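Enquirer: fold the following.
(2 chains)
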Amino acid sequence: MKRTTMALAAFVAGTGLALAEDIAPGDVQFDGYEVQASLTGATGNPEEGRKVVTSKSMGNCIACHAAEDYADQQFGGEVGPPLDGVADRWTEAELRGIVANAKIAFDGTVMPAFYKVDGYTRLGDAFTGKAWPADKPVTPLLSAQQIEDAVAYLMTLHE
Amino acid sequence: MRQQLLTGIAAFALAFGTGAALADEEAELVINGEIEIVTKTAAPAHLDGALEEIMSGWRFRSDETQAMQADDFDNPAMLMVEDAMVAWETAAGTEGKSCMDCHGAPEDMAGVKPTYPKWNEAAGELRTIQMQVNDCRVNRMGAEAEKVDSTAALAMEALLSSVSRGMPMNVAIDGPVADAWQQGHDMYYTRYGQLELSCANCHEQNYGNMIRADHLSQGQVNGFPTYRLGDAKLIGAQTRFKGCIRDTRAETFDPGAPEFIALELYVASRGNGLSVEGPAVRN
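Expert: Below is the predicted model:
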């Protein structure tokens, strides 16, 4: 029963109606490195967020970060700190800011900015090695919904 | 807020410190029980402030992969070297000459590979060893140039590398190549693609760390061309660069492009002092 409600919520959030209210990458309000407002206007779905964090085709956070919670998925990376306990170390607004654009929180970080569409050198079309088509609007690495889902998931990672 | 930022950085330092433990840090490479390979040594002076020690990619591979390189009978790339030995003594092109007619035995070319990429005074250009081989083919043998990183070009490069194994990499970085070297240097620190990652982000800041299932090395080229077990074939340095840049979600350069010739010179110079070990075995 509970599961159905969750799935429904995810479905509703994914509809065009919700998308129309998304804050575009260029319009995100950073307060220092924090972002107070949800990019979709709603709270994300932590179960979906777990997928965003661990899937190569989405956030691929797992390439750089390990965490106990997804130790079942092998080979969490060591380039970034383990994500265990991030919910104790950071507020939701801080986590949203870090995931949307970690360059603001961490000067010179290797962590990619996931909700940004400009300022790139030789932007490619995903992993094809070809240039991003000049006539196609640039899409961020993650959608507003995926960022909110990832943030909701990170908020469950207590020590 | 500041407090939390610091915590984040401390956690990062901790993760880095533990992750940097190298599984095979103390292993040494001796090929065929006789060729001693320097796989770790002091960094060249131009890397002051960037790296203190330079290490071959061999150090970062599994025991099994490491062992394959210690004996030519276990190194699959030596089959390609044998192909190239046949090509070496076979006449090709309109002049009816082979490499051997001008250069003697392949062993007589020992000491050549460590100096490439290198400036060619007569042509007024920086050349990789593949470009130099092509110059001989076209202008002295009347044969066709081989495509960059093609099977034949890589096999010949592997042969020329194999006879120099154990000799220290020693490419020149000043004089007429200074501009190209600087260009390569700047590329090495450029954050390419949508992931905004530079060579240095992975191979200077994070060598020794795992990036998902890959153990990051320093991205040295002293082992090139390398035999990649996953692809079951020889891979050229510039093809490897292409793959690494593509993985940053960037528009890459193609092997043979002037940018990659400059980058090959620069990356080779970061390995000055490591032994030539190609053809190396990598996963």
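Enquirer: just checking, which helix or strand of the chain averages the lowest pLDDT?
Expert: Using chain A. None of the helices or strands of chain A scores lower by mean pLDDT, DSSP states H and E than helix A:2-13, at a mean of 46.
Enquirer: show me the helices in chain B, by range?
Expert: B:2-19, B:63-68, B:77-88, B:99-103, B:129-135, B:151-162, B:178-188, B:199-203, B:237-246, B:258-270 (DSSP state H).
Enquirer: pull the CA atoms of the third one into CSV?
Expert: The C-alpha coordinates for helix B:77-88 follow below in CSV (Å, rounded to 0.1, in the frame of the first residue of the first chain):
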residue,chain,number,x,y,z
ALA,B,77,52.3,-8.2,-27.2
MET,B,78,55.5,-10.0,-28.0
LEU,B,79,53.6,-11.8,-30.8
MET,B,80,53.0,-8.4,-32.4
VAL,B,81,56.7,-7.6,-31.9
GLU,B,82,57.5,-10.8,-33.8
ASP,B,83,55.2,-9.6,-36.7
ALA,B,84,57.1,-6.3,-36.7
MET,B,85,60.5,-8.2,-36.8
VAL,B,86,59.3,-9.8,-40.1
ALA,B,87,58.2,-6.4,-41.4
TRP,B,88,61.6,-4.9,-40.3
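Enquirer: summarise which helices and strands it is packed against.
Expert: Under the contact criterion of 3 or more CB pairs under 8 Å, 6 or more residues apart in numbering or on different chains; DSSP states H and E, helix B:77-88 touches helix B:99-103, helix B:151-162, strand B:226-228. Where you see a C-beta, it was placed from the backbone N, CA and C, and this is true even at glycine.
Enquirer: in it, which residues are buried?
Expert: B:Ala77, B:Met78, B:Met80, B:Val81, B:Asp83, B:Ala84, B:Met85, B:Ala87, B:Trp88 (16 or more other CB atoms under 10 Å in any protein chain shown).
Enquirer: distance of A:Ala67 from A:Met111?
Expert: Computed as CB to CB, to the nearest Å, the A:Ala67 to A:Met111 distance reads 15 Å.
Enquirer: same check, this time on A:Val99
Expert: Distance, A:Val99 to A:Met111, by CB to CB: 9 Å.
Enquirer: now the stretch 51-200 of chain B against chain A: closest residue?
Expert: Closest residue of the stretch 51-200 of chain B to chain A, CB to the nearest CB: B:Leu195 (4.6 Å).
Enquirer: any idea how far the residue in chain A that chain B sits nearest to is from A:Ser55?
Expert: With CB to the nearest CB as the measure, A:Glu78 is the residue of chain A nearest to chain B, at 3.2 Å. According to CB to CB, A:Glu78 stands 19 Å off from A:Ser55.
Enquirer: likewise for A:Leu95?
Expert: Noted for A:Leu95: a distance of 19 Å to A:Ser55, by CB to CB.
Enquirer: which residue ranges make up each domain of chain B?
Expert: B:2-72+B:171-282, B:78-162 (automatic domain parsing).
Enquirer: out of these, which one sits most buried?
Expert: domain B:2-72+B:171-282 (a mean of 19; mean count of other CB atoms under 10 Å in any protein chain shown).
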